Structure formats: structure tokens, C-alpha cells
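>>> Model the following, please.
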Amino acid sequence: MKTLTYNEHDIDVLARTIYGEARGEYYRADGGISSLVCVANVICNRALKPKRYGATIAKICQRPYQFSCWNQADPNSLIIAKIKAGDDKVFDLCLEVAKNVLAGKWPDLSEGANHYHASWMKTYPAWAMGRAPTKRMGQHLFYNL
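Now for the predicted structure:
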């Protein structure tokens with residue numbers, strides 16, 4: 001994977017995004033840490049196309065309506081705004097995932113995916129219609145669009 005440019009703010013925002021989007025996956029037998037890594041992989045894969053998705057990791061994560069945990073109406077937005085290192089072992093793990101994936105130390109478990117959604121959604125997003133996911137991890141379906 002191409003080396004990504006990032007700073008401490010990007011690490012923090014990525015960790016909060018992973019936590020807000022996938023913390024429940026950590027405790028699933030079909031998810032675990034791999035689910036957290038896959039969410040980070042999607043964001044890093046988007047960073048490879050900055051003109052389309054955003055110039056920084058933080059901008060990619062916080063772009064409106066891309067990752068639901070950042071939407072003001074989403075209950076996760078309050079949770080990720082208040083969490084800090086040491087509050088929850090899963091958040092601490094999300095920080096480690098963010099650091100290691102950004103540094104290129106861990107592989108792309110998403111297999112190049114740049115989109116995902118929850119498999120339990122009654123109506124899949126329009127962009128997923130007619131497309132086969134490239135990966136399933138826990139309760140998330142991953143796509144390379």
C-alpha cells in the first residue's frame with residue numbers, strides 16, 4: 001500500500017471512527033479485531049484517492065454522511081466525542097489499530113474495499129444495489145467500488 005501522510009489528529013479521528021462504526025464487532029466470533037482493521041482499511045483505501053474522498057484521514061472520516069457515527073443525529077456521535085484513551089479497552093485497541101494500519105504495519109484485510117455497510121440493513125445503500133460484496137466481516141459487507 002502507498003505510504004499515507006497523517007498526523008496525531010488523523011490517528012485520533014480514525015480511532016474514533018473505528019470505535020463508532022465497529023466496536024460491537026470486536027466481541028463477535030465472526031468479527032474480532034479483524035472487523036476493526038477492515039473499517040480502518042476502507043478509510044485508508046479512500047485516502048489513496050484524495051480528490052474523490054478527502055485530502056486527509058480526518059476529512060475522509062468526517063465527510064458528511066460517509067460514516068454514520070459522525071452524523072449529528074446518530075447516537076454514536078456523542079459517544080465518540082467523549083471517549084478518551086483509558087476509558088474503554090476497545091477504544092484503546094481502536095487507537096492501536098489506527099496507528100498500525102496508518103503506518104502500513106498491518107495488512108489490508110478488506111481486500112481493497114473502499115465502502116461498507118451493515119449486513120442487517122433492511123434497505124441497502126443505493127451504491128450497493130446490484131453489486132456483490134468482496135468481503136464479509138462480522139455484520140459488515142465490504143465493497144471495492
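>>> check contacts around the residue nearest to Y53 when sequence neighbours are not counted.
Nearest non-adjacent residue to Y53, counting by Cβ to Cβ, 6 or more residues apart in numbering: R46, 3.9 Å away. The C-beta positions use only the backbone N, C-alpha and C, and glycine is treated the same way. By Cβ atoms under 8 Å, 6 or more residues apart in numbering, the contact set of R46 is 52-54, 60, 114.
>>> distance of R46 from A29?
According to Cβ to Cβ, to the nearest Å, R46 and A29 sit 28 Å apart.
>>> again with Q66
Q66 is 28 Å from A29, by Cβ to Cβ.
>>> before we move on, what about P50?
36 Å.
>>> So between these two, which is more surrounded?
P50 (13 against 6; other Cβ atoms under 10 Å).
>>> Now do that one against T123, distance only.
30 Å.
>>> Need the residue in this structure that's farthest from the chain's center.
G130 (22.8 Å; Cα atoms, centre = their mean).
>>> What pLDDT does the model give it?
As predicted, G130 sits at a pLDDT of 95.
>>> Assumed it was part of a strand.
No. Using DSSP: H, G, I helix; E, B strand; the rest coil, the secondary structure at G130 is coil, not a strand.
>>> Quick one: residues contacting the residue lying closest to N114 once chain neighbours are set aside.
Closest residue to N114 apart from its sequence neighbours, by Cβ to Cβ, 6+ apart: N45 at 4.6 Å. Contacts for N45 (Cβ under 8 Å, 6+ apart) come out as 108, 110, 112-114, 144.
>>> which residues in the chain form helices?
Taking DSSP state H, the helices of the chain run over residues 8-22, 33-47, 50-53, 57-62, 75-82, 89-102.
>>> any chance of the ones you listed in a markdown table, with mean pLDDT too?
Output for the helices of the chain, formatted as a markdown table (pLDDT from 0 to 100):
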| stretch | mean pLDDT |
| --- | --- |
| helix 8-22 | 98 |
| helix 33-47 | 98 |
| helix 50-53 | 96 |
| helix 57-62 | 98 |
| helix 75-82 | 97 |
| helix 89-102 | 98 |
